[in-house]
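Enquirer: Please find the sequence and the predicted model below.
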2 protein chains.
Amino acid sequence: MASKGEKTRADIVDSARKLFYKHGYDGTSFSQIVDATGLFRGNIYHYFKTKDDILEAVVERYLDDYRALLMQWEQASSDPRVRLHAFVGMVAGHKAELVEYGCPIGSLNTELGKERRELQQVARALFELLENWLAARFIELGYADEAASLALHLLGRAQGIAVISHVYRDQSFLERETGQLAAWIDQLKPPARRARRAQSHPA
Amino acid sequence: MASKGEKTRADIVDSARKLFYKHGYDGTSFSQIVDATGLFRGNIYHYFKTKDDILEAVVERYLDDYRALLMQWEQASSDPRVRLHAFVGMVAGHKAELVEYGCPIGSLNTELGKERRELQQVARALFELLENWLAARFIELGYADEAASLALHLLGRAQGIAVISHVYRDQSFLERETGQLAAWIDQLKPPARRARRAQSHPA
C-alpha cells in the first residue's frame, strides 16, 4: 500500500502530466501545478525542486503506463499482427483526446526537441519504448532485417495521423488513416513467406 | 521600394519567426523579440501591441513564402507528379532544420492547438494552403474524388517524417522515408488510367 507521501507525490505527477498535455510544457508554470494539486508550495518542494524534476517523473509515469499496456497486448495474443493492430487500435481509441490536444508523447517531444534537448533526451525514452516493442513484433512477423525501420515507419505514420487530426480537429481523418494503417499491417508479407512463395512458383 | 517603416516591421517579423521556430511560441517572450530586433521596446509597440499580433504577421509571412514557392513549382513543370515530387523534395531539402527544430508549421500548430485554438485557427491556414495545392495536383493526376483525402494523407506522412526525424535527430530516417514517399507518388495509378487499362485488358 502506498504511503501518504507516495500518494502525494503521485498526485503531483498526475496533475502535472495533465497540465503538460493540455497546455504544453512551457505553457504550464510551476505555480499552476501547485494550484492544481491543492497543496502548499512548500509541500511540493519536499518532492520536487523544479519543473524539470517533475517532467522526469511524468515521463517515468508514462513509461510505467505504456509498459503495462504493452504487456497486456502481449498477453492478449501471441500473433504479431494482432499485437501490431493493438498499437493502431490505441491511436484510434484515443481519437477524442488526439483531436483535442495531439499526441501526448509526440507533442511533448516536439516541444522539448526545440531548445531543451537534455529534457527531450528524457522524453525520447517514450518513443524508444514503443519503437523497441514494435520492432520485436516485426521480428516475430519475419522481418528480422527491416524490423527497426518498419517500427519507426509505423511510429511516424501514427505521429502524422495525430498531427493532422489535431491541426484540423478531424476525427474522420483519424479513422480513415488508422484504417489504412490496419490494412497496411494486414498486407505485410514477411520476407520468409515471400521467399517460400517464390520457390514454390518459380518464374 | 519598402519604406523604412515597412523594413522595420519586416525585421521584427523575421526575428520573431526565427525565435518561434527555435524556441516555440510559449518559449519566446515579447522581450526576447525586442532584444533580437535591437529596437527599443517603444518602437516595436508602434507596429505590434502583443505577441499574438506578431504571430499573425509571422503566419502571413510564411503564407507569402509558401505561395511564392508553390508558384515556382507550378512554373517549373506542368506534370502533377513532378509537382508532387517538389513537395517531397522540400521536406528532404530541409533535413538539417527539420532534424534540429522539427517542422516549422507542424510544431507551431501542435503547440497552439493545445489551448490556444483561436491562434491555431490562424496558423492552420498554412496547412490549408498546402492541402489545397496538393489536392489540385491530385485532381490533375485524375483523382477527382479522392484528391482531398490524398492531400491530407501526404501532409500527414510528411508530418510524421518530420516528427520522428526531429525526435531522433535522424537524417537517415528522413532520407529513407522521403524516398518511400517519392516511390508512393510514382506508383499512384489515377482511376481514369486504371479504368482504361481494365478496358484494354478485359478479364
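Expert: Arrived safely. Since the structure is predicted, the reported quantities are computational estimates derived from the model, not experimental observations.
Enquirer: Tell me which helix or strand residue A:108 sits in.
Expert: helix A:104-112 (DSSP states H and E).
Enquirer: For that helix, the averaged confidence score.
Expert: Mean pLDDT, helix A:104-112: 97.
Enquirer: list the helices and strands the very next helix or strand once past that helix packs on?
Expert: Scanning forward in sequence from helix A:104-112 by DSSP H and E, the next helix or strand is helix A:117-141. Packing partners of helix A:117-141 (3 or more Cβ pairs under 8 Å, 6 or more residues apart in numbering or on different chains; DSSP states H and E): helix A:51-76, helix A:80-93, helix A:104-112, helix A:147-167, helix B:147-167. (Each C-beta comes from the backbone N, C-alpha and C, glycine too.)
Enquirer: Out of those, the one nearest residue B:51 is which?
Expert: helix A:104-112 (17.0 Å; Cβ to Cβ).
Enquirer: wait, does the closest one contact chain B?
Expert: Yes. Contact of helix A:104-112 with chain B is found when judged by Cβ under 8 Å from any Cβ of the partner chain, involving A:106-107, A:109-111.
Enquirer: Next, the angle from that helix to helix A:147-167.
Expert: Put simply, helix A:104-112 runs at 90 degrees to helix A:147-167, going by axes from the mean of the first three to the mean of the last three Cα atoms, to 10 degrees.
Enquirer: Mind listing residues that contact helix A:104-112?
Expert: Outside helix A:104-112, the residues that touch it by Cβ atoms under 8 Å, 6 or more residues apart in numbering or on different chains are A:20-21, A:24-26, A:62, A:97, A:101, A:119-120, A:123-124, A:126-127, A:159, A:162-163, A:166, B:24, B:27, B:102, B:106-107, B:110-111, B:114, B:163, B:166-167.
Enquirer: from the chain's centre, how far out does it sit?
Expert: 10 Å (Cα atoms, centre = their mean, to the nearest Å).
Enquirer: Between helix A:117-141 and it, find me the angle.
Expert: Using the same axes, to 10 degrees: helix A:104-112 against helix A:117-141 is 140 degrees.
Enquirer: which one of the helices and strands packed on helix A:117-141 lies closest to residue B:44?
Expert: With Cβ to Cβ as the criterion, residue B:44 lies closest to helix A:104-112 of the helices and strands packed on helix A:117-141, at 25.7 Å.
Enquirer: Dump that closest one to PDB, keeping only the CA atoms.
Expert: Output of helix A:104-112 as PDB, limited to C-alpha atoms (Å, rounded to 0.1, in the frame of the first residue of the first chain):
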ATOM      1  CA  PRO A 104       0.900  13.300 -25.600                       C
ATOM      2  CA  ILE A 105       4.300  11.900 -26.300                       C
ATOM      3  CA  GLY A 106       4.700  13.400 -29.800                       C
ATOM      4  CA  SER A 107       3.700  16.900 -28.800                       C
ATOM      5  CA  LEU A 108       5.900  16.800 -25.700                       C
ATOM      6  CA  ASN A 109       9.000  15.700 -27.700                       C
ATOM      7  CA  THR A 110       8.200  18.200 -30.400                       C
ATOM      8  CA  GLU A 111       8.200  21.000 -27.900                       C
ATOM      9  CA  LEU A 112      11.200  19.900 -25.900                       C
END
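Enquirer: can you pull the buried residues of it?
Expert: Residues A:104-112 are the ones in helix A:104-112 that count as buried (16 or more other Cβ atoms under 10 Å in any protein chain shown).
Enquirer: what do you get for stretch A:91-101?
Expert: In stretch A:91-101, counting by 16+ other Cβ under 10 Å, buried: A:91-92, A:94-95, A:98-101.
Enquirer: for stretch A:46-54, same thing?
Expert: Buried residues in stretch A:46-54, counted by 16+ other Cβ under 10 Å: A:47-48, A:51, A:54.
Enquirer: cool, and stretch A:179-191?
Expert: Buried, per 16+ other Cβ under 10 Å, within stretch A:179-191: A:181, A:185, A:190.
Enquirer: Leaving out sequence neighbours, find the closest residue to the last one.
Expert: The shortest distance from residue A:190 to any residue other than its chain neighbours is 2.8 Å, reached at residue A:142 (Cβ to Cβ, 6 or more residues apart in numbering or on different chains).
Enquirer: Quick check: pLDDT value at that neighbour.
Expert: pLDDT for residue A:142: 95.
Enquirer: One more: residue A:125?
Expert: 98.
Enquirer: you'd agree it is up against residue A:59?
Expert: Yes. Assessed by Cβ atoms under 8 Å, residue A:125 is found in contact with residue A:59 at 6.4 Å.
Enquirer: Looking at the two, which one has more neighbours?
Expert: residue A:59 (21 against 15; other Cβ atoms under 10 Å in any protein chain shown).
Enquirer: what about the more buried one, distance to residue A:167?
Expert: Noted for residue A:59: a distance of 25 Å to residue A:167, by Cβ to Cβ, to the nearest Å.
Enquirer: for chain B, what are the nearby residues on chain A?
Expert: Within chain A, the residues that sit near chain B (Cβ under 8 Å from any Cβ) are A:21-24, A:26-27, A:101-102, A:106-107, A:109-111, A:113-115, A:120, A:124, A:127, A:149, A:152-153, A:155-161, A:163-164, A:166-168, A:170, A:173, A:176-177, A:180.
Enquirer: What residues sit buried inside stretch A:33-47?
Expert: A:33-34, A:36-37, A:39, A:44, A:47.
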